[in-house]
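1. Take a look and give me a structure for this.
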Amino acid sequence: QVKLVESGGGSVQAGGSLRLSCAVSGYNGSSYCMGWFRQAPGKEREGVMTIDTYGATSYRDSVKGRFTISRDNAKNTLDLQMNTLKPEDTAMYYCAIDLWVCFVRSRGAKYWGQGTQVTVSS
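-> Numbers count the residues shown, from 1 in each chain. Have a look, this model is predicted:
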C-alpha cells in the first residue's frame, strides 16, 4: 500500500520560514515525478513545485526565489523549504507522487498525502 505522510506545517508570521517533508512508503516505481500542491479555502488546488527523478524542477511564479524543492531518491522523501512566507501562502499543502505531467500545472497525480496546514499571519 502506497502511503505519503507530510509533516512540518504550522503557523508563522509573514517573512518567516517553514520546511515541509513528505515520506513515501510502499511505492516501487523506478522513476517518478514528485510535487507539492496546495489548496486555500474556497480556491482550487494548485501546483506549487515539482521535481523529477533527475532533479529538474518547475514552480509557480508566486513562489519563485522563495521556495525550494528537493528529494532524496534513496530515502523516498520530498521536502519543500519555504522562506519569506506571505499570508497568501496560507493553505493546506499536499505531497503527491507519480504526477500525470511532471509540471507545476499538472492537474493530478496517482498518489496523494493527507496534507499539512500552513498558516501565515500578517
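2. S62 belongs to a helix?
-> Yes - the assignment for S62 is a helix, going by DSSP: H, G, I helix; E, B strand; the rest coil.
3. And it, how close does it get to K86?
-> 8 Å (CB to CB, to the nearest Å). In short, each C-beta sits where N, CA and C put it, glycine included.
4. neighbour count winner among these two?
-> Higher neighbour count among S62 and K86: K86, with 15 against 12, using other CB atoms under 10 Å.
5. Correct me if wrong: the more buried one contacts V12.
-> No - using CB atoms under 8 Å, K86 is not in contact with V12, being 10.5 Å away.
6. got any residues that touch both of these two?
-> V120 (CB atoms under 8 Å, 6 or more residues apart in numbering).
7. Report the separation between K110 and R19.
-> 25 Å.
8. tally of neighbours for the residue lying closest to F67 once chain neighbours are set aside?
-> What sits nearest to F67 in space, not counting adjacent residues and going by CB to CB, 6 or more residues apart in numbering, is M82, at 5.1 Å. Neighbour count for M82, taken as other CB under 10 Å: 26.
9. so what's M82 bridging to?
-> L18, F67 (DSSP bridges).
10. That one contacts D89, correct?
-> Yes - between M82 and D89 there is a contact under CB under 8 Å: 6.9 Å.
11. what residues do these two have in common as contacts?
-> V63, V118.
12. which residues touch the residue positioned nearest the centre of the chain?
-> In the chain, the C-alpha nearest the mean C-alpha coordinate belongs to W36, at 1.9 Å (CA atoms, centre = their mean). Neighbour list for W36: 20, 22, 47-50, 69, 78, 80, 93-96 [criterion: CB under 8 Å, 6+ apart].
13. Now the buried members of these.
-> For the contacts of W36, a neighbour count by 16 or more other CB atoms under 10 Å gives the buried set as 20, 22, 47-50, 69, 78, 80, 93-96.
14. List the ones among those that fall in strands.
-> 20, 22, 47-50, 69, 78, 80, 93-96 (DSSP state E).
15. As TSV, those residues with pLDDT and distance to S30 would be great.
-> Shown next, in TSV, are those (pLDDT from 0 to 100; distance: CB to CB, whole Å):
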residue	pLDDT	distance to S30
L20	98	25
C22	97	19
G47	97	23
V48	98	25
M49	98	22
T50	97	18
I69	98	20
L78	96	16
L80	98	23
Y93	98	26
Y94	98	23
C95	97	19
A96	97	18
